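S.K.: Pasting the sequence and the predicted model now:
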Amino acid sequence: MTDLQDNRQSLNPELQEEVSGIAMSLAAAMAFGLQPEKAMAELHTRFKEIIKREGLSPGEVAYLRGKIEKWVPGYYAESWASGYAAGLAQGLAKGTLAVLEVRLLSISDVVRERITTCTDHVRLDDWLDRAGTVERAEDLFRAGAELDQE
(Lines give C-alpha, C1' and ligand atoms only; values in the text may rest on other atoms or scores of the structure.)
Protein backbone atom coordinates (compact mmCIF):
# COMPACT_ATOMS: atom_id res chain seq x y z
CA MET A 1 0.00 0.00 0.00
CA THR A 2 1.44 3.40 -0.96
CA ASP A 3 1.49 6.39 1.32
CA LEU A 4 -1.16 8.07 -0.79
CA GLN A 5 -3.45 5.10 -0.24
CA ASP A 6 -3.06 4.81 3.52
CA ASN A 7 -5.92 6.45 5.39
CA ARG A 8 -7.55 7.53 2.13
CA GLN A 9 -10.77 5.97 3.32
CA SER A 10 -11.13 9.09 5.50
CA LEU A 11 -11.48 11.21 2.33
CA ASN A 12 -14.64 11.63 0.30
CA PRO A 13 -14.25 10.36 -3.28
CA GLU A 14 -14.06 13.84 -4.85
CA LEU A 15 -11.37 15.00 -2.44
CA GLN A 16 -9.53 11.71 -2.85
CA GLU A 17 -9.46 12.22 -6.63
CA GLU A 18 -8.34 15.84 -6.27
CA VAL A 19 -5.49 14.97 -3.87
CA SER A 20 -4.31 12.10 -6.09
CA GLY A 21 -4.47 14.34 -9.16
CA ILE A 22 -2.41 17.07 -7.52
CA ALA A 23 0.25 14.64 -6.34
CA MET A 24 0.49 12.79 -9.66
CA SER A 25 0.55 15.94 -11.80
CA LEU A 26 3.36 17.41 -9.71
CA ALA A 27 5.29 14.15 -9.84
CA ALA A 28 4.89 14.12 -13.62
CA ALA A 29 6.06 17.74 -13.77
CA MET A 30 9.18 16.72 -11.86
CA ALA A 31 9.77 14.04 -14.46
CA PHE A 32 9.91 16.84 -17.00
CA GLY A 33 12.31 18.98 -14.99
CA LEU A 34 10.39 20.79 -12.23
CA GLN A 35 12.68 20.98 -9.22
CA PRO A 36 11.52 18.72 -6.36
CA GLU A 37 11.61 21.61 -3.89
CA LYS A 38 9.27 23.66 -6.09
CA ALA A 39 6.95 20.70 -6.61
CA MET A 40 6.72 20.00 -2.89
CA ALA A 41 6.16 23.69 -2.13
CA GLU A 42 3.31 23.70 -4.66
CA LEU A 43 1.90 20.50 -3.17
CA HIS A 44 1.96 22.01 0.32
CA THR A 45 0.35 25.23 -0.94
CA ARG A 46 -2.43 23.33 -2.71
CA PHE A 47 -3.11 21.10 0.30
CA LYS A 48 -3.17 24.14 2.63
CA GLU A 49 -5.73 25.78 0.32
CA ILE A 50 -7.88 22.66 0.49
CA ILE A 51 -7.66 22.58 4.30
CA LYS A 52 -9.17 26.10 4.42
CA ARG A 53 -12.36 24.91 2.73
CA GLU A 54 -15.50 24.67 4.78
CA GLY A 55 -17.17 21.33 5.22
CA LEU A 56 -14.10 19.12 5.51
CA SER A 57 -14.34 16.40 8.11
CA PRO A 58 -11.79 16.29 10.94
CA GLY A 59 -10.39 13.11 9.34
CA GLU A 60 -9.89 14.87 6.01
CA VAL A 61 -8.12 17.81 7.65
CA ALA A 62 -5.91 15.44 9.66
CA TYR A 63 -5.06 13.44 6.55
CA LEU A 64 -4.02 16.53 4.60
CA ARG A 65 -2.02 17.96 7.50
CA GLY A 66 -0.26 14.63 7.85
CA LYS A 67 0.71 14.69 4.19
CA ILE A 68 2.02 18.24 4.46
CA GLU A 69 4.23 17.21 7.38
CA LYS A 70 5.28 13.89 5.86
CA TRP A 71 5.84 14.81 2.20
CA VAL A 72 9.03 16.80 2.41
CA PRO A 73 11.38 17.41 -0.56
CA GLY A 74 13.02 14.20 -1.65
CA TYR A 75 10.11 12.06 -0.47
CA TYR A 76 8.37 9.45 -2.68
CA ALA A 77 7.42 11.90 -5.45
CA GLU A 78 11.04 12.39 -6.51
CA SER A 79 11.64 8.68 -7.05
CA TRP A 80 8.26 8.37 -8.76
CA ALA A 81 9.17 11.22 -11.11
CA SER A 82 12.48 9.58 -11.94
CA GLY A 83 10.73 6.30 -12.74
CA TYR A 84 8.09 8.10 -14.78
CA ALA A 85 10.76 9.87 -16.85
CA ALA A 86 12.66 6.63 -17.43
CA GLY A 87 9.47 4.81 -18.44
CA LEU A 88 8.48 7.60 -20.81
CA ALA A 89 11.93 7.53 -22.44
CA GLN A 90 11.73 3.75 -22.77
CA GLY A 91 8.29 3.99 -24.37
CA LEU A 92 9.39 6.64 -26.86
CA ALA A 93 12.46 4.59 -27.77
CA LYS A 94 10.39 1.44 -28.18
CA GLY A 95 7.91 3.31 -30.36
CA THR A 96 10.67 4.73 -32.54
CA LEU A 97 12.20 1.29 -33.05
CA ALA A 98 8.77 -0.23 -33.78
CA VAL A 99 8.07 2.34 -36.52
CA LEU A 100 11.46 1.68 -38.10
CA GLU A 101 10.90 -2.09 -37.89
CA VAL A 102 7.39 -1.94 -39.38
CA ARG A 103 8.86 0.04 -42.25
CA LEU A 104 11.39 -2.79 -42.69
CA LEU A 105 14.35 -0.45 -42.27
CA SER A 106 17.64 -1.98 -41.21
CA ILE A 107 18.55 -1.00 -37.64
CA SER A 108 22.20 -1.42 -36.73
CA ASP A 109 23.27 -2.20 -33.18
CA VAL A 110 24.76 1.29 -32.96
CA VAL A 111 21.47 2.95 -33.96
CA ARG A 112 19.46 0.68 -31.64
CA GLU A 113 21.78 1.46 -28.72
CA ARG A 114 21.69 5.21 -29.37
CA ILE A 115 17.88 5.18 -29.40
CA THR A 116 17.45 2.93 -26.36
CA THR A 117 20.01 4.74 -24.19
CA CYS A 118 18.72 8.24 -24.91
CA THR A 119 16.90 9.88 -21.98
CA ASP A 120 16.13 13.23 -23.64
CA HIS A 121 12.34 13.26 -24.14
CA VAL A 122 12.44 16.08 -26.69
CA ARG A 123 15.01 14.27 -28.81
CA LEU A 124 13.16 10.93 -28.52
CA ASP A 125 9.88 12.57 -29.44
CA ASP A 126 11.53 14.13 -32.50
CA TRP A 127 13.01 10.76 -33.52
CA LEU A 128 9.63 9.09 -33.13
CA ASP A 129 7.98 11.74 -35.31
CA ARG A 130 10.60 11.34 -38.02
CA ALA A 131 10.84 7.53 -37.87
CA GLY A 132 7.91 7.32 -40.27
CA THR A 133 9.59 9.37 -42.99
CA VAL A 134 13.36 8.72 -42.93
CA GLU A 135 14.89 6.62 -45.69
CA ARG A 136 17.40 4.93 -43.37
CA ALA A 137 17.41 4.56 -39.58
CA GLU A 138 20.69 6.50 -39.42
CA ASP A 139 18.91 9.50 -40.95
CA LEU A 140 17.14 10.07 -37.63
CA PHE A 141 20.39 11.57 -36.38
CA ARG A 142 20.96 13.82 -39.40
CA ALA A 143 17.76 15.82 -39.73
CA GLY A 144 17.27 18.23 -36.87
CA ALA A 145 20.99 18.13 -36.09
CA GLU A 146 20.54 20.96 -33.60
CA LEU A 147 18.71 18.47 -31.37
CA ASP A 148 21.35 15.79 -31.76
CA GLN A 149 24.44 17.65 -30.62
CA GLU A 150 25.78 15.87 -27.56
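M.R.: Sure thing, it's come through.

S.K.: any low-confidence regions in this protein?
M.R.: Within the chain, the ranges that satisfy pLDDT under 70 run 1-10, 71-81, 143-150.

S.K.: can you give me the helices for it?
M.R.: Along the chain, counting by DSSP state H, helices occupy 13-31, 36-51, 58-70, 76-102, 109-117, 121-130, 145-148.

S.K.: Switch these over to CSV; also include mean neighbour count and distance to residue 138.
M.R.: Where you see a C-beta, it was placed from the backbone N, CA and C, and this is true even at glycine. As requested, the helices of the chain are exported to CSV (neighbours: other CB atoms under 10 Å; distance: least, CB to CB, whole Å):
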stretch, mean neighbour count, distance to residue 138
helix 13-31, 16, 29
helix 36-51, 16, 38
helix 58-70, 15, 49
helix 76-102, 17, 10
helix 109-117, 14, 6
helix 121-130, 18, 12
helix 145-148, 11, 11
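
S.K.: could you dump those helices to JSON lines with distance to residue 139?
M.R.: JSON lines is the format used below for these (distance: least, CB to CB, whole Å):
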{"stretch": "helix 13-31", "distance to residue 139": "29"}
{"stretch": "helix 36-51", "distance to residue 139": "38"}
{"stretch": "helix 58-70", "distance to residue 139": "49"}
{"stretch": "helix 76-102", "distance to residue 139": "10"}
{"stretch": "helix 109-117", "distance to residue 139": "10"}
{"stretch": "helix 121-130", "distance to residue 139": "8"}
{"stretch": "helix 145-148", "distance to residue 139": "11"}
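
S.K.: Centre-most residue in the chain?
M.R.: Closest to where the C-alpha atoms of the chain average out (CA atoms, centre = their mean) is residue 28, at 3.4 Å.
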